[in-house]
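1. How does the following fold in three dimensions:
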Amino acid sequence: MSHIRAPQPCRAGLPAIPSPFRSGRALVLAVVALSIVASAVRAAKTDGVRLAPPTPGAVRFTVTVPEARVTRIDAEQKIDQLALDGYIAEGEPGTPALPVRTVMVAVPPIGDVRLTASATEAAVHEDVTLAPFPGQDGQGRAVRTDR
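-> Have a look, this model is predicted:
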């Protein structure tokens, strides 16, 4: 015959705290773990992303793109670098390095998904030659490739 032991009430009449949390050390570890998770959630890149009011069958949001910075990095060859705050430069080796940002959006497991985008204003920069995205050598170090 097996015996099942029910939790013993504590003095205040509440159920006993499960044994892993009886020690202060376990409670401290749990609080630290929760704060790390909360920090990671806060650190997720949501700068410039604003959710619009929902409509039936659609999720709409706005991504505000910061002002582009064009910096001359090679005066002799007249090569420039394009940068946007919060974006990273990506590309195929030898092609222009372009600022990229990924916004993760949850979609339903079934049904059609459609993405549309529109720009509200454009900025024109004259006489810009973008620097090529670097390649990598056998050790993973960045190397400049010719176009």
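
2. Where does pLDDT dip in the chain?
-> 1-46, 136-138, 140, 142-147 (pLDDT under 70).

3. Tell me where it has helices.
-> 24-43 (DSSP state H).

4. Now do the strands in it.
-> For the chain, the strands defined by DSSP state E occupy 49-51, 61-63, 69-74, 79-83, 88-90, 98-100, 135-136, 142-143.

5. okay but A89 is in contact with A83, surely?
-> Yes. With contacts counted by Cβ atoms under 8 Å, A89 reaches A83, the gap being 7.3 Å. Heads up, the C-betas are built off the backbone N, CA and C, glycines and all.

6. what do these two both touch?
-> P99 (Cβ atoms under 8 Å, 6 or more residues apart in numbering).

7. For R114, grab phi and psi.
-> Main-chain torsions, R114, degrees, to the nearest 10: phi -130, psi 140.

8. Pick the most buried one from the strands of the chain.
-> Most buried of the strands of the chain, by mean neighbour count (mean count of other Cβ atoms under 10 Å): strand 79-83, with a mean of 17.

9. got the CA coordinates for that one in PDB?
-> Taking Å, rounded to 0.1, in the frame of the first residue of the first chain, the C-alpha atoms of strand 79-83 are listed here in PDB:
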ATOM      1  CA  ILE A  79      33.400  55.000 -51.700                       C
ATOM      2  CA  ASP A  80      30.600  55.600 -49.200                       C
ATOM      3  CA  GLN A  81      29.100  53.600 -46.300                       C
ATOM      4  CA  LEU A  82      25.300  53.700 -45.700                       C
ATOM      5  CA  ALA A  83      24.200  53.200 -42.100                       C
END
